[in-house]
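Peer 1: Give me the fold of what follows.
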Amino acid sequence: MMDAASIAVRKEHRMPAQVILEFEGVTLKEYDAINKELGIDMETGKGDWPEGLQVHAAGLNEDGHLVVTEVWDSPEHQARFLETRLGEALAKGGVTGPPSSVTWVELVAHHRPGG
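Peer 2: Model (predicted):
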């Protein structure tokens, strides 16, 4: 259990937030189309990445669902991206419904080994 001083330090030095999105029925075809709409090349990692995004990873889980894991400076950065760019790109890429699962994680540690 954290003491009051530790909680105060954590609030003062806000950690990034992680989001895990799971999409049932979304294939790599839609994922590629969405990234093309966003102007991001997933093979090279180059493109028009959104402000506040620190890490993006995606893949298929054992059920064949697309799972996207991201680390953002804050949930507000992700919300702004969804409102200004991602929502439209999802629709153009063929994703018409919301993720089947959205999990936000308040990080207590975030490191880039060797960095």
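
Peer 1: Every contact and neighbour count from this point should use C-alpha atoms.
Peer 2: OK.

Peer 1: chain center to stretch 90-105, what's the gap?
Peer 2: 11 Å (Cα atoms, centre = their mean, to the nearest Å).

Peer 1: what pLDDT, on average, does it get?
Peer 2: Stretch 90-105 carries an average pLDDT of 96.

Peer 1: what's the span of that stretch, first residue to last?
Peer 2: 23 Å (Cα to Cα, to the nearest Å).

Peer 1: Tell me which residues of it come out buried.
Peer 2: 90, 93, 95, 99 (16 or more other Cα atoms under 10 Å).

Peer 1: same deal with stretch 62-77?
Peer 2: The neighbour-count check on stretch 62-77 (16+ other Cα under 10 Å) flags 65-75 as buried.

Peer 1: Return the subset of those lying in helices.
Peer 2: Pro75 (DSSP state H).

Peer 1: could you dump the buried residues of stretch 62-77 to CSV with pLDDT and distance to Arg14?
Peer 2: Converted to CSV, these look like this (pLDDT from 0 to 100; distance: Cα to Cα, whole Å):
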residue, pLDDT, distance to Arg14
His65, 96, 31
Leu66, 97, 29
Val67, 98, 26
Val68, 98, 23
Thr69, 98, 19
Glu70, 98, 17
Val71, 97, 13
Trp72, 97, 11
Asp73, 96, 9
Ser74, 95, 9
Pro75, 96, 12
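
Peer 1: residues making contact with stretch 22-38?
Peer 2: The set of residues external to stretch 22-38 that reach it, using Cα atoms under 8 Å, 6 or more residues apart in numbering, is 41-42, 48, 64-68, 85-86, 89-90, 92-95, 98-102.

Peer 1: and if you look at stretch 94-103?
Peer 2: 19-24, 26, 30, 90.
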